[in-house]
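quick one, what's the 3D model for this:
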Amino acid sequence: MSLSGRLEDLGLADIFQILSIGKKSGSLVVRGENNINALVIFRNGMVVRAETNALTEDIGDDLLKRGLIDEGKLNLARRVRASLLDKSIGDILIELGAVNRHDLDKITKKRLERIISILLPLEEGDFVFEPDIELPTLKELPDPGCELSRGVNADYLIMEGARVYDEQQHYGRILEEEFPHDNNLFPEASTSDIPPDITVLQSLTEELRLPESLSEISLLILRFASGIFQRGVLFSVDDMILAGLGQFGLEIDRPDERIREMVIDISESVFLRKILKDLKPYKGTLQMDVVMERFLKELGGTIPEEVALFPVVAEGKAVALLYCDNSLSGEPVGDTLGLDIFLAQAGLALEKAALKKRLLERGRDD
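Numbers count the residues shown, from 1 in each chain. So this is what the prediction gives:
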């Protein structure tokens with residue numbers, strides 16, 4: 001299935017979802033406003049490679065900045081690449097033994113996320129998707145980019161890109177317009193001191209006014225939480241049964257499908273039953289039981305040092321449960337005030353939707 005058109009008619013977020021749902025493989029070439037050109041490669045609906053001329057530094061510079069390679073090896077790789085233009089600097093560094101695959105994948109994923117966050121806001125330009133073809137050569141790109149060993153879920157990239165864009169819009173643009181020449185004004189109000197969940201609270205709360213179902217609101221919840229935690233799973237709650245709705249950050253095969261197929265009976269988990277009964281968030285050491293053991297095994301088997309669980313409350317009961325952790329880095333659970341507020345607003349939005357549904361049904365009966 002080839003796909004082409006204008007970004008004015010079909011946005012990149014929609015294109016990503018089409019390719020993800022259809023499990024498509026191929027190359028997406030984007031030529032956008034401000035002379036931004038980009039290449040995104042899909043494998044079975046997962047994003048495995050991305051590169052753009054909007055970034056002035058390549059993957060080699062990223063590795064050098066993080067101290068993962070030395071400048072001598074990078075210069076050697078650049079000389080080799082001068083005669084092998086179809087190969088990425090990253091791939092050449094692997095062949096030279098200058099970097100290991102794990103470190104390259106880690107930096108490549110971060111770069112890929114950054115590239116997608118640059119592309120998603122594009123509103124003007126052209127796109128072309130061609131399935132199952134060889135890697136195209138774009139003269140506008142200085143490097144074809146590295147391919148990840150394991151692809152990244154398109155929904156996660158959309159959420160992460162939206163989070164980054166929201167933060168930039170809410171703080172970076174405003175500060176730049178108001179104080180373009182003095183970075184030292186009001187140091188106590190530096191954006192680095194603002195909790196990351198607060199930075200997008202306002203914009204996403206505005207979006208909560210539009211959705212009217214748990215499925216729509218769940219996407220906003222996952223989008224918000226992905227800016228605070230490294231991975232998370234959202235469940236609907238029906239008495240003692242949890243049913244998977246969505247996820248972010250899981251490094252397992254077919255993460256979305258597996259979560260949507262997941263059904264958990266929590267009758268054997270005192271830990272989870274208490275959280276849903278008390279209707280209060282839990283943050284701290286995981287209390288293991290047979291239910292949590294099976295759940296973590298489905299997520300890949302890693303046992304995080306700390307977890308966070310948030311019930312979403314509507315009409316006095318838990319209608320959803322959000323599980324989050326930072327198992328990829330082992331970082332402790334940080335401040336979640338913004339997420340707590342957002343989930344309370346999500347519960348109110350669900351109550352409003354339920355009331356509207358009942359009124360409509362009553363009107364039809366009358």
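
wait, Asn153 sits on Arg43?
No: applying CB atoms under 8 Å as the test, Asn153 and Arg43 come out as separate, 12.0 Å apart. Using the backbone N, CA and C atoms, a C-beta is placed for each residue, glycine as well.

number of nearby residues for Asn44?
Using other CB atoms under 10 Å, Asn44 has 13 other residues around it.

kindly report the same for the one 4 residues further on.
For Val48, the neighbour count with other CB under 10 Å is 20.

what does the one 10 residues further on give?
For Asp58, the number of neighbouring residues by other CB under 10 Å comes to 22.

and the pLDDT for it?
pLDDT, Asp58: 90.

could you do Val29 as well?
Looking at Val29, its pLDDT reads 94.

doesn't it belong to a strand?
Yes: according to DSSP: H, G, I helix; E, B strand; the rest coil, the state of Val29 is that of a strand.

so it sits against Phe127, correct?
Yes: assessed by CB under 8 Å, Val29 is found in contact with Phe127 at 6.9 Å.

avg pLDDT for the helix or strand hosting Met159?
Per DSSP states H and E, Met159 falls inside helix 154-167. Mean pLDDT, computed over helix 154-167, is 75.

hmm, back to that, out of Asn153 and Arg43, which sits in the busier spot?
When Asn153 and Arg43 are compared for neighbours, Asn153 comes out ahead with 22 against 17, by other CB under 10 Å.

now the helices for the stretch 251-366 of the chain?
Applying DSSP state H, counting those that start in this stretch to the stretch 251-366 of the chain gives helices spanning 255-260, 270-278, 290-298, 337-365.

just send these back as a markdown table, with distance to Glu71 and mean pLDDT too.
Output for the helices of the stretch 251-366 of the chain, formatted as a markdown table (distance: least, CB to CB, whole Å; pLDDT from 0 to 100):
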| stretch | distance to Glu71 | mean pLDDT |
| --- | --- | --- |
| helix 255-260 | 38 | 92 |
| helix 270-278 | 51 | 96 |
| helix 290-298 | 42 | 95 |
| helix 337-365 | 41 | 78 |
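
among those, which is nearest Val48?
Taking CB to CB, helix 255-260 is the member of those nearest to Val48, at 14.7 Å.

buried stuff in that closest one?
Pro255, Asp256, Ile259 (16 or more other CB atoms under 10 Å).

doesn't Asn153 make contact with the first one?
Spelled out, it's Pro255. Yes: Pro255 is within contact range of Asn153, at 5.9 Å (criterion: CB under 8 Å).

helix or strand with the lowest mean pLDDT in this structure?
helix 173-178 (a mean of 46; mean pLDDT, DSSP states H and E).

mind listing the strands for the protein?
3-6, 26-32, 37-43, 46-52, 125-131, 152-153, 231-238, 241-248, 263-265, 282-284, 307-314, 317-325 (DSSP state E).

below-threshold pLDDT in the stretch 101-250 of the chain: ranges please.
Counting by pLDDT under 70, the stretch 101-250 of the chain contains low-confidence ranges at 133, 164-213.

related to what we said a few turns ago, now the angle from the helix holding Met159 to strand 46-52?
Angle, helix 154-167 to strand 46-52, by axes from the mean of the first three to the mean of the last three CA atoms, to 10 degrees: 40 degrees.

packing partners of helix 154-167?
If you count contacts as 3 or more CB pairs under 8 Å, 6 or more residues apart in numbering; DSSP states H and E, helix 154-167 packs onto helix 12-21, strand 46-52, helix 101-119, helix 214-225, strand 241-248.

export that helix as CSV, just CAs?
Output in CSV follows, covering the C-alpha atoms of helix 154-167 (Å, rounded to 0.1, in the frame of the first residue of the first chain):
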residue,chain,number,x,y,z
ALA,A,154,4.1,4.6,17.0
ASP,A,155,1.5,5.5,19.7
TYR,A,156,4.3,6.0,22.2
LEU,A,157,6.2,8.3,19.8
ILE,A,158,3.1,10.3,19.2
MET,A,159,2.5,10.7,23.0
GLU,A,160,6.1,11.6,23.6
GLY,A,161,6.3,14.0,20.7
ALA,A,162,3.1,15.7,21.9
ARG,A,163,4.5,16.0,25.4
VAL,A,164,7.7,17.6,24.2
TYR,A,165,5.8,20.0,21.9
ASP,A,166,3.4,21.0,24.8
GLU,A,167,6.4,21.8,27.0
